[in-house]
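Chemist: Need a 3D model of the sequence below.
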Amino acid sequence: MNIFVVMKRTFDTEEKITLKNGKIQEDGAEFIINPYDEYAVEEALKIREEHGGEVTVVTVGEEEAEKELRTALAMGADKAVLINDEDVEEGDAFSAAAILSAYLKDKNADIILAGNVTVDGSSGQVGPRLAEALGISAVTTITKLTIDGDKTIIERDVEGDVEIVETELPLLVTCQQGLNEPRYPSLPGIMKAKKKPLEKLDLDDLDIDEDDVKGKTNVIDIFLPPAKGEGKILQGDNSQQVNELASLLQNDAKVI
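Modeler: Take a look at the predicted model:
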């Protein structure tokens, strides 16, 4: 089975992030595989273990993304591809999907896996856009995947409930928390990853003009959420507390 994983290098949101002039400062920031993409890598490895084939991880980014690709190789992926987009002006979900589709259009992928969202942009657009460009089906926010020949049965998260979808390969899915538990790279895996193929491409290799994949969105500002204020303990009996709470919600929080 020809299995591809689309992944992204993102900020580690468990670490401190500094903003300056509406932009995240990369100096000193920690970077990781986008956490939702780890579910995609793990599911791809499970598919290969059950059905055979090859797992290729692909990312659009700059040279620094090689580290995260090597991590995916250490987890067990067979090959990696880094498509350099440094010449793309203000790249966005449209840009990433257009570049990925140019690479994948002739790869005869049986299944493409991606994270449901990225923790930096959270648009959830790249996967569906890519499927549309390739002319294949897409199922988002999956929490279970069963493949039987060309048939698939998928469970997907729908706001606290579960929807069951039956479809066929080729297919693109985006992976949600609960699908699996991503494995940690082992020491032998880390050593093997150094010798696994990592192909580096630029836009010219894919016959792409940077103007054709220029971003279509404009980020006005990026800001941290406001600091949490102190909590308030309500006094009195139940009826007094209810009245006080209603007053606070209406007059202070202004949510009712």
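Chemist: Secondary structure element for Ile190, which one?
Modeler: Taking DSSP states H and E as the criterion, Ile190 maps to helix 187-193.
Chemist: Which strands or helices does that helix pack on?
Modeler: Contacts defined by 3 or more Cβ pairs under 8 Å, 6 or more residues apart in numbering; DSSP states H and E place helix 187-193 against helix 66-75. Using the backbone N, CA and C atoms, a C-beta is placed for each residue, glycine as well.
Chemist: Could you give the separation of the helix it packs on from the chain centroid?
Modeler: 15 Å (Cα atoms, centre = their mean, to the nearest Å).
Chemist: ok, the helix or strand just after it: who's next to it in the sheet?
Modeler: Proceeding N to C from helix 66-75, the next assigned helix or strand is strand 79-84, under DSSP H and E. Partners of strand 79-84 in the sheet, by DSSP bridges, are strand 54-61 (parallel), strand 198-202 (parallel).
Chemist: of all those strands, which gets the most neighbours per residue?
Modeler: Ranked by mean neighbour count, the strands paired with strand 79-84 are led by strand 54-61 with a mean of 23 (mean count of other Cβ atoms under 10 Å).
Chemist: so that strand versus helix 66-75, what angle?
Modeler: Put simply, strand 54-61 runs at 160 degrees to helix 66-75, going by axes from the mean of the first three to the mean of the last three Cα atoms, to 10 degrees.
Chemist: related to what we said a few turns ago, closest one to Leu245 among the strands paired with strand 79-84?
Modeler: Leu245 lies closest to strand 54-61 among the strands paired with strand 79-84, at 47.9 Å (Cβ to Cβ).
Chemist: what residues does that closest one touch?
Modeler: 1-9, 41, 44-45, 47-48, 65, 68-69, 72-73, 76-85, 91, 95-96, 99-100, 103-104 (Cβ atoms under 8 Å, 6 or more residues apart in numbering).
Chemist: Which residue ranges of the stretch 151-256 of the chain form helices?
Modeler: For the stretch 151-256 of the chain, applying DSSP state H, counting those that start in this stretch gives helices covering 187-193, 238-247.
Chemist: Could you dump these into a markdown table and include mean neighbour count, distance to Pro226 and mean pLDDT?
Modeler: Shown next, in a markdown table, are these (neighbours: other Cβ atoms under 10 Å; distance: least, Cβ to Cβ, whole Å; pLDDT from 0 to 100):
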| stretch | mean neighbour count | distance to Pro226 | mean pLDDT |
| --- | --- | --- | --- |
| helix 187-193 | 13 | 41 | 93 |
| helix 238-247 | 11 | 21 | 90 |
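Chemist: Relative to Lys232, which of those helices is closest?
Modeler: helix 238-247 (8.8 Å).
Chemist: buried ones in the helix with the most length in the chain?
Modeler: Looking across the chain with DSSP state H, the single longest helix is helix 35-51. Of all the residues in helix 35-51, those buried under the rule 16 or more other Cβ atoms under 10 Å are 35-45, 47-48.
Chemist: Among those, which one sits closest to Asn116?
Modeler: Distances from Asn116 to the buried residues of helix 35-51, taken as Cβ to Cβ, are shortest for Tyr36 (5.0 Å).
Chemist: What's the separation between the nearest residue to the closest one once chain neighbours are set aside and Pro197?
Modeler: Nearest non-adjacent residue to Tyr36, counting by Cβ to Cβ, 6 or more residues apart in numbering: Gly115, 2.9 Å away. Note on Gly115: its distance to Pro197, by Cβ to Cβ, to the nearest Å, is 23 Å.
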